[in-house]
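Asker: Fold the following for me, if possible:
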Amino acid sequence: YIVCFAKNKDLVPLFKYKGDEPISDRAIKRPTAKNPVSRISFPAGIDFDSEDKIFPNTFGSKETVKIIEGTFQCKNGKLANDVVVEAAWTMKDMIEGWIRGENIIDQKGQVVTRFFFKSNGVLQYEKQKGTVHPKSIINGFTTKQGGKAIEHLLGTNYFDFPKPIDLIVSLAETFTESGDIILDFFAGSSTTAHAVMQLNAEDNCKRKFIMVQLPEACDKKSDAFKAGYKTIAEISKERIRLAGMKIKEENAKTASELDTGFRVLKIDSSNMADVYYTPDSFEQNLLNLYTDNIKDDRTSEDLLFQVLLDWGIDLTLPVTKESINGHVVIFVNGNALAACFEKNGKITEDFCKELAGRQPLRVVFRDSGFKDDNVKINVDQIFKIISPNTDLKTI
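Answerer: Residues are numbered from 1 along each chain as shown. Got it, this is the predicted structure:
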């Protein structure tokens, strides 16, 4: 079962139709109490999809059309004369509004582009399909297909009921557009990531995906464990890597524009030592033992992503490293953020002046990295003079 829901359905936009094929159907029905016979005056010049001919004054057995005034004639693909026609019209008000030159939109929000007569003399309408209505039953997708896709990539299907790629592609194609983020809280084999990359390759859009998967251990007797996968998350990551390579190979002409990269993040404890959060609970002689607020086993990348979270910066932005005056500086998305997490008193005023000259939007230093207290105090003034718009942070 596929269950779709929203906290507030009024905030959910209509599912937009992305094709260009118009809807077309007849604009008359059998006469009924709810759909009675009435008359409409049609001016000459309306499109007529027929060879040149003159029609009788009455035609059609069950959905009868009567010509009350004028000659009902097609000439050069147009209605040749003004006529008054009697029939059981399905959308009389819209027909008459269209004849008056009004813009016609039906109850579903679809734009009626034109009315025209067919070769049998029956009035037809065309409208641009605006929305898609999901079907109650979706056919053609099976978990067997999902298993074969994994087997094709990894050599073996390690999952009992994996989602088929085409199902997720179909849903994403219908309900998402370029720039949307597609989140899967139970990633499993990451079929969703595979499908998003596949769809982006097909329609040249730039959807993003977020896969969430606990590091659930693989059974030691399972084929997955024997193949070297200790957790479900490891299978998921490998599937995304191989799927991205395969999609790029199959779409060589557009591969340069296709982004199949992804970043793996793991939930962990804070980078900061306990003394950072509760200094009042430590005696003075113990505080002297702490020369750094940060836990010893944390890397610069660990610190960087904590800072990105604190500042609310997109975790998928490009990250580069540069050497400035012999110091390693991490830059995020160009000048969006500059970080130097060197410790042991290596940060000097000259280095800070050089970094300030880059005019970064944000800068973060490690507290234990400053050469001495004077440098730490002067950094604020250096940036205020050279790069006053920089947001400065120390951890």
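Asker: The nearest residue to Ala88 once chain neighbours are set aside: how many residues sit nearby?
Answerer: Among residues not flanking Ala88 along the chain, Pro31 sits closest, at 4.2 Å (CB to CB, 6 or more residues apart in numbering). Using the backbone N, CA and C atoms, a C-beta is placed for each residue, glycine as well. Burial measure for Pro31: 15 neighbouring residues, criterion other CB atoms under 10 Å.
Asker: Residue numbering should commence at 18 henceforth.
Answerer: Fine by me, first position is 18 from now on; the one you just mentioned is Pro48.
Asker: can you tell me which residues contact Pro48?
Answerer: 54, 81, 105 (CB atoms under 8 Å, 6 or more residues apart in numbering).
Asker: By neighbours, which of those wins?
Answerer: Counting by other CB under 10 Å, top hit in the contacts of Pro48: Ala105 with 19 neighbours.
Asker: What separation do you get for it and Lys144?
Answerer: Going from Ala105 to Lys144 by CB to CB, to the nearest Å gives 20 Å.
Asker: repeat for Ser404
Answerer: Ser404 is 57 Å from Lys144, by CB to CB.
Asker: in the protein, what secondary structure element scores lowest on mean pLDDT?
Answerer: In the chain, no helix or strand scores lower on mean pLDDT, DSSP states H and E than helix 301-304, which sits at a mean of 44.
Asker: Which parts of the stretch 268-412 of the chain are strands?
Answerer: 336-341, 344-349, 354-357, 379-382, 408-411 (DSSP state E, counting those that start in this stretch).
Asker: Parallel or antiparallel, which strands does the third one pair with?
Answerer: Looking back up the chat, that one is strand 354-357. Neighbouring strands of strand 354-357 in its sheet, by DSSP bridges, are strand 344-349 (antiparallel), strand 379-382 (parallel).
Asker: any idea of the mean pLDDT for the first one?
Answerer: Yep, that's strand 344-349 we're talking about. What strand 344-349 shows for mean pLDDT is 94.
Asker: same question, the shortest one
Answerer: Confidence for strand 379-382, expressed as mean pLDDT, is 94.
Asker: Using PDB, write out every CA atom in it.
Answerer: Extracted C-alpha coordinates of strand 379-382, given in PDB (Å, rounded to 0.1, in the frame of the first residue of the first chain):
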ATOM      1  CA  ARG A 379      31.400  33.700   8.300                       C
ATOM      2  CA  VAL A 380      34.600  32.700  10.000                       C
ATOM      3  CA  VAL A 381      35.200  30.200  12.800                       C
ATOM      4  CA  PHE A 382      38.300  29.500  14.800                       C
END
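Asker: So which residues make contact with that strand?
Answerer: Contacts of strand 379-382 (CB under 8 Å, 6+ apart): 324, 328, 353-358, 364, 372-373, 396, 400, 407-412.
Asker: So which bits of stretch 379-389 are buried?
Answerer: Judged by neighbour count using 16 or more other CB atoms under 10 Å, the buried positions of stretch 379-389 are 379-383, 385-387.
Asker: center of this protein - which residue?
Answerer: Geometric centre of the chain, nearest residue: Asp197, 2.1 Å, by CA atoms, centre = their mean.
Asker: What's the local residue count around the residue lying closest to that one once chain neighbours are set aside?
Answerer: Nearest non-adjacent residue to Asp197, counting by CB to CB, 6+ apart: Arg224, 5.2 Å away. Using other CB under 10 Å, Arg224 has 19 neighbouring residues.
Asker: before we move on, what about Ile394?
Answerer: 10.
Asker: Please report the distance of it from Thr407.
Answerer: Distance, Ile394 to Thr407, by CB to CB: 17 Å.
Asker: hang on, the earlier thing: wait, isn't the residue nearest to Asp197 in contact with Gln215?
Answerer: No: checked against CB atoms under 8 Å, the pair Arg224 and Gln215 is beyond contact range at 10.6 Å.
Asker: so what sits against both of the two?
Answerer: Joint contacts of Arg224 and Gln215 (CB under 8 Å, 6+ apart) do not exist.
Asker: which stretches of the stretch 218-367 of the chain form helices?
Answerer: 240-243, 249-267, 291-294, 301-304, 317-328, 366-373 (DSSP state H, counting those that start in this stretch).
Asker: And the pLDDT for the residue lying closest to Lys360 once chain neighbours are set aside?
Answerer: Distance criterion CB to CB, 6+ apart; nearest residue to Lys360, sequence neighbours excluded, is Ser385 at 4.6 Å. Note on Ser385: pLDDT of 84.
Asker: Looks like Ser385 contacts Lys363 (just checking).
Answerer: No: assessed by CB under 8 Å, Ser385 is found out of contact with Lys363, at 9.7 Å.
Asker: quick one: low-confidence ranges for the stretch 118-267 of the chain?
Answerer: 147-149 (pLDDT under 70).
Asker: The nearest residue to Glu86 once chain neighbours are set aside - how many residues pack around it?
Answerer: Spatial nearest neighbour of Glu86, chain neighbours left out: Val101 (4.0 Å); criterion: CB to CB, 6+ apart. Per other CB under 10 Å, the neighbour tally for Val101 reads 14.
Asker: I'd like the distance between Val101 and Gly205.
Answerer: 65 Å.
Asker: how about Ile330, what does it touch?
Answerer: Here Ile330 is in contact with 324, 349-350, 353-354 (criterion: CB under 8 Å, 6+ apart).
Asker: meant to ask about Ala353
Answerer: 330, 334, 377-379.
Asker: Among the residues you listed, pick out the one closest to Ala260, please.
Answerer: Relative to Ala260, the closest of those is Leu334; by CB to CB it sits at 23.0 Å.
Asker: quick one, strands of the stretch 18-167 of the chain?
Answerer: Under DSSP E, counting those that start in this stretch, the stretch 18-167 of the chain gives strands at 40-43, 55-59, 70-71, 75-76, 82-86, 90-92, 95-96, 100-104, 121-122, 128-134, 140-145.
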